[in-house]
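J.: Provided below are the primary sequence and the corresponding predicted coordinates.
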Amino acid sequence: MARRPVRNWPVLVLLLAVSLAATVVPLPDWLEPLRPNFVALTVLWLCLLSIRTTGLLMAWGSGLAIDALHGMLLGQNALALVVIAYIALKMRLRIRAFPILHQSAVIFGLLLLNEFILFWIDGIAGFPVTTWARWLPVLTGAACWPLMTGLYSRLAIRA
């Protein structure tokens with residue numbers, strides 16, 4: 001992972017826009033449950049680069065954009081993303097010191113917390129409890145973390 005913060009705002013906006021687009025691109029029905037939460041992974045990567053001033057703001061704005069794109073309860077994803085971004089910001093120096101596979105385990109825990117918050121809010125709002133396939137993006141997101149980190153680090157170094 002790149003050890004210097006990204007200060008090129010167009011690159012940050014582009015990364016978030018691409019991750020938002022990746023969440024709404026249609027996939028075949030059998031592949032849809034395996035789609036990782038690209039926005040959460042991008043926000044976590046930005047938080048681990050110590051973007052202190054904008055990490056929580058980007059998490060909130062990205063969460064609101066996901067809610068609007070998917071037609072969900074407004075603020076649901078925003079709250080979940082802010083919670084995991086806050087934890088990532090608080091623990092960023094420890095997480096960055098881990099090898100990439102250990103980072104994937106931490107990211108797995110943060111994505112699990114994100115999905116649990118969404119599950120909890122759905123339950124409070126009275127939406128029906130979904131199947132176990134709801135938790136598959138947590139596994140695929142943790143598996144994609146090394147690839148996304150490598151890709152984002154290359155983009156950040158060039159920027």
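T.: Looks like it came in fine.

J.: confidence score at the residue sitting furthest away from the middle of the chain?
T.: When distances are taken from the C-alpha mean of the chain, G126 lies farthest, 24.9 Å away, according to C-alpha atoms, centre = their mean. On pLDDT, G126 comes in at 88.

J.: any idea how far L73 is from it?
T.: 10 Å (C-beta to C-beta, to the nearest Å). C-betas here are computed from N, CA, C, even on glycine.

J.: any idea how far the most centrally placed residue in the chain is from K90?
T.: The centre of the chain sits closest to A40, judged by C-alpha atoms, centre = their mean, with a distance of 0.8 Å. Separation of A40 from K90 (C-beta to C-beta): 17 Å.

J.: same question for L16.
T.: For L16, the distance to K90 - C-beta to C-beta - is 21 Å.

J.: hmm, back to that, if I pick the residue nearest to the centre of the chain, what's in contact with it?
T.: For A40, the contact set (C-beta atoms under 8 Å, 6 or more residues apart in numbering) comprises A80, L81, I84, L110, L111, N114, G141.

J.: what's near enough to touch S62?
T.: Counting by C-beta under 8 Å, 6+ apart, S62 makes contact with L16, S19, L20, V39, T42, V43, N77, A78, L81.

J.: now for it, which secondary structure element holds it?
T.: Taking DSSP states H and E as the criterion, S62 maps to helix 52-70.

J.: where exactly do the helices run in this protein?
T.: For the chain, the helices defined by DSSP state H occupy 9-24, 38-48, 52-70, 76-90, 92-97, 100-125, 136-158.

J.: give the buried residues for the fifth one.
T.: Applying a neighbour-count criterion of 16 or more other C-beta atoms under 10 Å, the buried positions in helix 92-97 are R92, I95.

J.: same question, the first one
T.: Burial within helix 9-24, assessed by neighbour count using 16+ other C-beta under 10 Å, is assigned to L12, L15, L16, S19, L20, A22, T23.

J.: what about the closest residue to W135 other than its chain neighbours, distance to N77?
T.: In this structure, W135 finds its nearest non-sequential neighbour in E115, 6.2 Å apart by C-beta to C-beta, 6 or more residues apart in numbering. For E115, the distance to N77 equals 11 Å [C-beta to C-beta].
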